[in-house]
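Trainee: Pasting the sequence and the predicted model now:
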Amino acid sequence: MKKNNTELLCGLLLSMTLILSATTFVCAQEAEETAPSVKVFQLAQDDVTAIIASSGALSGNAKRHFRSANVVHGFESPQDTVTWTVMTPKEDDYVVKVLFSKREQVKLEVTSGDSVLTAPSMIKTWNYRPFFWRQELPGTLHLKAGENQIAFRLPDAKPATASGGNRARRSPRFGQGVTEDFHLFSIELGTAAARKAQVERAQAIRGDASWMINGKYGIFVHWSALSHGFTGKEPRAKWFQKSVEMFDVKVFADAIERTGAGWVTFTATHQGFYWPGPNAALDKIAPGRTAQRDLLGEIINELDRRGIRTLFYLHTGYNGYDPQVWREAVGAKDADTKRFSDNIEAILRECSLRYGKKLMGFGYMDGALAWDYPLNPSWEGWARAIKAGNPKALVGLSSNRGPTVSPFSELAVTDGASELRRPDPQLIGPGRQLGDVTPAWWCLMDRSGWFAKSPMNGRISGGPTHSTEEYVAFFQQMAAAKIPVTINLIMTADVTDEHPIFNPQCMAVMEEVRKAIRGK
């Protein structure tokens, strides 16, 4: 009897286990198949709200790009849509702008309830960047107070033919060139009054770029967290404090002076958010990422003493060394990214107030469109923070391969790599693709890129990409056109007098540029 009871109990337990296991399995399957919760966007009444394409609900063939996670493609029929849920403070009419890439013209459509906007897509008429662009749709989209659904589609879309499919497969990746298939990056919503007021506020605090035009050219250095020393094997992030302590400011300034540069764009942070000086705002966010020595201040003062101005470069730490740890700390991973925006703003304000009028601004805010824009930061807040200690300070938000980021960007900023080009004038001005900015060009000289990503082993880069004659001619042409050029030289992470800090061949080129432009 005991044995039978035991067998019965075991059978019951086994049955219950199988039932529970099956239930758990079914629930798990249901959870996997359930559509992710849709984010609700609160539209600002007095500002423009950017909404990334992939943050909407996708239907039909519309899908997130496997490499460019913010982008949606696969618009093969009118049923392929992206739908966003937005909350509006009151009933109003909104101007809609769409950011996308597509070689051939298609019909665009944005709807909300009975309100419908349509237009043929803009065709690229320029030769180079941007590879995706911004288009304002005619009319306004009427939104009621409270919750609204906004849908985007291509109403005349058709599946690709065999030849079209082949072209699409050979098409450049989004951001690397203009795509054959339609790729949607974002939509932007703001009332006409809000857009007008935003532009007026940006104009009211616009910085002064005349000194860059008069100065003609400057030097860019990526003193990256991932840079390597002249002989060391480990990236600078692993010996960050030592790199700050050993930095010989006089050696650095002497080298810059030899180039004849009118300014330096120096790295505050790059590919790892480590700040080479004090910053109490950063200490509150993530202790251990600042330095006691105020290296940034020493560089500014030494260069200023020699008549050379200083801009800073900023990378908000979206990739490189321990990005996940930093992104969590700064608030970039929060569902509501206001903490991220506020934290970066606080860091910028503290920096500007510390260095005052000797800091000419943040000329190159890297990844602004590709990485920061999807988090919808307060560009105005960042701009005002940069100008807190110097009202004339400049703001350069990198659009890189796309259109302008915000009216609060004052310089044309794009990664020109080794190309000796100039911004296309048809793209610059109010309402144009690169915005109402001062034309400028940013490029690199060393064949090895922007910085030493791997051990140098006693050899700094592979030397200049172009000939001395080509560089001299380029700088002369740009000076005559009044377009300031900032050219990057790879620098050793260990800046001392024990070895060269820049490639000697690159320095020789810059000395010839100095003679041609400065006459000395």
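Mentor: Sure, I can see it. This structure is a prediction, so every number in the text was calculated from the model and none was measured.
Trainee: Relative to the strand ranked longest in the chain, what are the paired strands and their orientations?
Mentor: Assignment by DSSP state E gives strand 92-101 as the longest strand of the chain. Applying DSSP bridges, strand 92-101 is found paired with strand 133-136 (antiparallel), strand 141-143 (antiparallel), strand 183-190 (antiparallel).
Trainee: Tell me which of these lies nearest to Glu200.
Mentor: Nearest to Glu200 among these is strand 183-190 (13.4 Å), distances taken as CB to CB. Every C-beta, even on glycine, is put in place using the N, C-alpha and C of the backbone.
Trainee: tell me how far that closest one is from the chain's mean position?
Mentor: 16 Å (CA atoms, centre = their mean, to the nearest Å).
Trainee: Give me the contact list for that strand.
Mentor: Strand 183-190 is contacted from outside by 43-44, 47-53, 65, 68, 70-73, 75, 82, 84, 86, 94-102, 110, 132, 134, 141, 150, 152, 174, 198, 373-374, 402, using CB atoms under 8 Å, 6 or more residues apart in numbering.
Trainee: Could I get the average pLDDT for the helix or strand following that strand?
Mentor: Counting by DSSP states H and E, the next helix or strand C-terminal to strand 183-190 is helix 192-204. The pLDDT scores in helix 192-204 average 97.
Trainee: What are the contacting residues of helix 192-204?
Mentor: 44-48, 93, 95, 140, 190, 380, 383, 406-408, 430.
Trainee: Stretch 124-139 now?
Mentor: Outside stretch 124-139, the residues touching it (CB under 8 Å, 6+ apart) are 95-101, 103, 108, 110, 117-119, 121-122, 172, 174-179, 183, 185, 188, 399-404, 414, 421, 424, 426-427, 433-434.
Trainee: quick check: mean pLDDT across it?
Mentor: 96.
Trainee: For it, buried residues please.
Mentor: Using 16 or more other CB atoms under 10 Å as the test for burial, stretch 124-139 gives Lys124, Arg129, Pro130, Phe131, Phe132, Trp133, Arg134, Gln135, Leu137.
Trainee: Retrieve the pLDDT associated with the closest residue to Ser341 other than its chain neighbours.
Mentor: Once flanking residues are discounted, Ser341 sits nearest to Pro377: 3.8 Å by CB to CB, 6 or more residues apart in numbering. Looking at Pro377, its pLDDT is 97.
Trainee: that's a strand at Pro377, yeah?
Mentor: No: counting by DSSP: H, G, I helix; E, B strand; the rest coil, Pro377 is not part of a strand but coil.
Trainee: Compute the first-to-last residue distance for stretch 223-242.
Mentor: Stretch 223-242 has an end-to-end distance of 14 Å (criterion: CA to CA, to the nearest Å).
Trainee: Off-centre distance for that stretch?
Mentor: Distance, centroid of stretch 223-242 to centroid of chain: 24 Å (CA atoms, centre = their mean).
Trainee: follow-up on the earlier one: Ala69 versus the residue nearest to Ser341, what's the distance?
Mentor: To Ala69, Pro377 is 18 Å away according to CB to CB, to the nearest Å.
Trainee: Neighbour count for these two, which is higher?
Mentor: Pro377 (24 against 11; other CB atoms under 10 Å).
Trainee: Please give me every residue in contact with the more buried one.
Mentor: Thr337, Phe340, Ser341, Ile344, Glu345.
Trainee: And for Phe174?
Mentor: So Phe174 contacts His65, Arg67, Ser68, Val71, His73, Ser101, Phe131, Phe132, His183, Phe185 (CB under 8 Å, 6+ apart).
Trainee: for those, which one is nearest Trp442?
Mentor: For those, the nearest to Trp442 is Phe131 (17.0 Å; CB to CB).
Trainee: Is the closest one part of a helix or strand, or is it coil?
Mentor: coil.
Trainee: That one - nearest residue in space that isn't next to it in sequence?
Mentor: Nearest residue to Phe131, sequence neighbours excluded (CB to CB, 6+ apart): Arg401, at 4.9 Å.
Trainee: Do I have it right that the one you found meets Gly175?
Mentor: Yes: the pair Arg401 and Gly175 qualifies as a contact (CB atoms under 8 Å) at a distance of 4.9 Å.
Trainee: How about Ala393: what's its closest non-neighbour residue?
Mentor: Closest to Ala393 by CB to CB, 6+ apart is Gly361, at 3.6 Å.
Trainee: Next: Tyr217.
Mentor: In space, Tyr217 is closest to Val485, 4.5 Å off (CB to CB, 6+ apart).
Trainee: how about that neighbour, what does it touch?
Mentor: Lys216, Tyr217, Gly218, Ala440, Trp441, Trp442, Cys443, Phe474, Phe475, Met478.
Trainee: for the stretch 101-250 of the chain, what spans make up the helices?
Mentor: According to DSSP state H, counting those that start in this stretch, the stretch 101-250 of the chain carries its helices in the segments 162-170, 192-204, 210-215, 240-246, 249-259.
Trainee: Would you mark the buried spots in the third one?
Mentor: Residues of helix 210-215 classed as buried by neighbour count (16+ other CB under 10 Å): Met212, Ile213, Gly215.
Trainee: ditto for the fourth one
Mentor: With burial defined by 16+ other CB under 10 Å, the residues of helix 240-246 counted as buried are Phe240, Ser243, Val244.
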